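S.K.: need coordinates for the below:
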Amino acid sequence: MGLYRTEAVVLRARELGETDRLLVLYTRSEGKVRAVAKGVRRPGSRLAGLEPFTLSELQLFQGRELDRVIQSQPRRGFRPLREDLGRLAAASYLAELVEGLTAERDPSPALFQTLVAGMALLAQGPDPLLALRFLELRLSALAGFQPVLDRCARCGGEAGPRPAFAPAEGGVVCAGCRPVSGAVSLAPGTLASLRFLAAAQPGRVEVLRLTAGANAEMARALVGWVSYHLERRPRSLDFLEALYLDAPRGLC
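M.R.: Modelled structure (predicted):
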């Protein structure tokens, strides 16, 4: 491919040597790529905006193992994500989800747009944790494993008055199909909220109001869902939960 130009969000950055930086990018045209920014840490470097959670217009050269950033022009900095620890932790979790749920060189314009919209929600919205619930659902759908919410994922019948969320079963299950372990009980209002978020557009997320109980149930269900598909608990959750000290493990 040689040279190419694309918009990109920096998911992760690591210092390399005295002046360089290794980057994990999610790009509009190429999907997830790994790249090196040579000399980015030198005073006066022209490679601006290559910090985590920034949106930039980049020119890159495709290499055998790592692409190389040739030019960069910042587009959106999402400054609140670096000025507020809670929002920073939420953005770190979002970036880890995108990195973990995507393959390299597998572009998805819809996922790229969701990532940019998600960064804006986390930077500007009043409730970053609610935004994360929406993003867990949307990213799951775009990655190809949207949870079943409109019926029992196991028998196909109605969810009934005592539904639960079971990641290993594919989503919501009725009382008769609930497994012995690994399921989260859902109040009817929590299930309705999950269905609302699964169909919502980013601009409509903040109209939802959750009780403390519904928030806890939804968070446990969706954190369990993404952890099941990642085959590990996201590392960034420890940072997120440490900042919400009243939240038990799994609530964020």
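
S.K.: stretch 58-74: which residues count as buried?
M.R.: 58, 60, 67, 69-70, 72 (16 or more other CB atoms under 10 Å). C-betas here are computed from N, CA, C, even on glycine.

S.K.: Leu60: what's it in contact with?
M.R.: 3-6, 33, 35, 67-70 (CB atoms under 8 Å, 6 or more residues apart in numbering).

S.K.: mind running it again at 7 Å?
M.R.: 4, 35, 67-70 (CB atoms under 7 Å, 6 or more residues apart in numbering).

S.K.: what is the nearest of those residues to Tyr26?
M.R.: Closest approach to Tyr26 among those (CB to CB): Ala35, at 11.3 Å.

S.K.: so that closest one makes contact with Glu65?
M.R.: No - Ala35 is not in contact with Glu65 according to CB atoms under 7 Å; the separation is 10.3 Å.

S.K.: where do the strands sit along the protein?
M.R.: If DSSP state E is used as the criterion, the strands of the chain fall at 3-16, 20-27, 31-37, 55-61, 67-76, 164-166, 171-173, 184-185.

S.K.: mean pLDDT and distance to Glu136 for the ones you listed - can I get that in CSV?
M.R.: CSV is the format used below for the strands of the chain (pLDDT from 0 to 100; distance: least, CB to CB, whole Å):
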stretch, mean pLDDT, distance to Glu136
strand 3-16, 97, 16
strand 20-27, 97, 16
strand 31-37, 98, 18
strand 55-61, 97, 21
strand 67-76, 96, 22
strand 164-166, 98, 12
strand 171-173, 98, 13
strand 184-185, 97, 14
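
S.K.: same list (these) but as JSON lines, adding distance to Leu47.
M.R.: JSON lines is the format used below for those (distance: least, CB to CB, whole Å):
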{"stretch": "strand 3-16", "distance to Leu47": "11"}
{"stretch": "strand 20-27", "distance to Leu47": "9"}
{"stretch": "strand 31-37", "distance to Leu47": "5"}
{"stretch": "strand 55-61", "distance to Leu47": "9"}
{"stretch": "strand 67-76", "distance to Leu47": "5"}
{"stretch": "strand 164-166", "distance to Leu47": "44"}
{"stretch": "strand 171-173", "distance to Leu47": "44"}
{"stretch": "strand 184-185", "distance to Leu47": "45"}
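
S.K.: between those strands, which one is nearest to Gly157?
M.R.: strand 171-173 (9.8 Å).

S.K.: which residues does the closest one contact?
M.R.: 147-149, 152-154, 159, 163-166, 183, 191.

S.K.: now do that strand: distance to the chain's middle.
M.R.: 22 Å (CA atoms, centre = their mean, to the nearest Å).

S.K.: please apply the same query to stretch 234-241.
M.R.: With CA atoms, centre = their mean as the basis, the mean position of stretch 234-241 lies at 12 Å from the chain mean.

S.K.: and that stretch, what's buried?
M.R.: 234, 236-237, 239-241.

S.K.: closest to Gly213 among these?
M.R.: Using CB to CB, the buried residues of stretch 234-241 come closest to Gly213 at Glu241, 17.9 Å.

S.K.: what bits of the stretch 151-252 of the chain have low per-residue confidence?
M.R.: By pLDDT under 70, the low-scoring segments of the stretch 151-252 of the chain are 245-252.

S.K.: again, 90 this time
M.R.: 210-212, 241-252 (pLDDT under 90).

S.K.: and the helices in it, which stretches?
M.R.: Using DSSP state H, counting those that start in this stretch, the helices of the stretch 151-252 of the chain run over residues 188-199, 212-230, 236-243.

S.K.: okay, these, which one's buried deepest?
M.R.: helix 212-230 (a mean of 20; mean count of other CB atoms under 10 Å).

S.K.: grab the most central residue of the chain for me.
M.R.: Leu94 (2.9 Å; CA atoms, centre = their mean).

S.K.: which among the buried residues of stretch 58-74 gets closest to Ala219?
M.R.: Using CB to CB, these come closest to Ala219 at Leu58, 34.4 Å.
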